[in-house]
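J.: structure of the sequence below:
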Amino acid sequence: MPLEWNSTVVAGTGDQRARLGAAAIAYPARLEQSMPGLSGVAIKRLVKEWERLRDAPGDGPDCVTGGPLTEENMAVWWVKCNNLDHEDASPECRAVAKQLKAKGHDPAIEFRLHFPEHYPADPPFVYVHAPCITGGHIHGAGAMCLDVLHQAGWTPATRVEGLLRTIRSDIDNMTLETHWLNADGTLRSNSVEEAKRKATWISGVHSDWKERRADPPKPQAPAKRARH
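T.: Below you'll find the model as predicted:
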């Protein structure tokens, strides 16, 4: 079960967070050894991001909650955009929320964030984990096409909660995919492997389109008629 700030959800979470935060500040090299996929700078930044998300989750349609999937791996987070059924949400969001609630699920979208070794210099890989939705900049397998998620559009000053609220504001026209439920009524989810494959394909298509825009084909001169 993902770690959460609420100690009533996961016993000892407060102690875990305090211990991890203190270790990140006092012993970044030691934590870096135990989490080889992240630099010391990334670990310290992520602990601060986690704390900020706990202290200011927002409210209404801007409510964002989340944190590391496990204490042992700060590189992978679950993050939820909540309250799709809020009165200030778009009609499309409320329609999705109604469908989710009718099947006993929270009116929320859960994302997965995979942080690279040199975060925040490099952006995280973000995809929709569940439910399976499309619309806006969300494509098949939960892959996303947003400038802020690519190196050219990324800035190290971007914070997790700000990034997710930017994404949240961009998916107001989403819809559920046709087969969004499993046979047992649980939510069908996207895998990181398939999301990355789809994101790579989207990036290639986008690059080709940009190249064609930058260097459009020159019009060909009309062929000369042969004289008889």
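
J.: pLDDT weak spots in this protein?
T.: Along the chain, segments meeting pLDDT under 70 span 1-34, 36, 206-228.

J.: what's the first helix or strand after the helix or strand hosting residue 129?
T.: According to DSSP states H and E, residue 129 maps onto strand 125-130. Using DSSP H and E, the helix or strand that follows strand 125-130 in sequence is strand 133-134.

J.: outside of that next one, which residues touch it?
T.: Here strand 133-134 makes contact (Cβ atoms under 8 Å, 6 or more residues apart in numbering) with 96, 109, 140, 142, 171, 174, 175, 176, 177, 180. Heads up, the C-betas are built off the backbone N, CA and C, glycines and all.

J.: quick check: buried residues in stretch 95-113?
T.: Within stretch 95-113, the residues scored as buried using 16 or more other Cβ atoms under 10 Å are 95-97, 99-100, 105-113.

J.: same question for stretch 89-96.
T.: Neighbour-count burial for stretch 89-96 [16+ other Cβ under 10 Å]: 89, 90, 92, 93, 94, 95, 96.

J.: now swap in stretch 145-163 and tell me
T.: Neighbour counts over stretch 145-163 (16+ other Cβ under 10 Å) mark 145, 146, 148, 149, 154, 158, 160, 161, 163 as buried.

J.: got the CA positions of it in CSV?
T.: The C-alpha trace of stretch 145-163 is given here as CSV (Å, rounded to 0.1, in the frame of the first residue of the first chain):
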residue,chain,number,x,y,z
CYS,A,145,2.2,14.9,-24.3
LEU,A,146,2.9,18.2,-22.5
ASP,A,147,5.9,20.5,-23.0
VAL,A,148,6.5,20.8,-19.3
LEU,A,149,7.2,17.0,-19.1
HIS,A,150,10.0,17.3,-21.7
GLN,A,151,13.5,18.7,-21.1
ALA,A,152,12.9,21.7,-23.4
GLY,A,153,9.8,22.8,-21.4
TRP,A,154,10.9,21.8,-18.0
THR,A,155,12.3,24.0,-15.3
PRO,A,156,13.9,22.8,-12.0
ALA,A,157,11.8,25.2,-10.1
THR,A,158,8.6,23.2,-10.9
ARG,A,159,7.2,21.5,-7.9
VAL,A,160,5.2,18.3,-7.8
GLU,A,161,1.9,19.8,-6.7
GLY,A,162,2.2,22.6,-9.2
LEU,A,163,3.0,20.2,-12.0
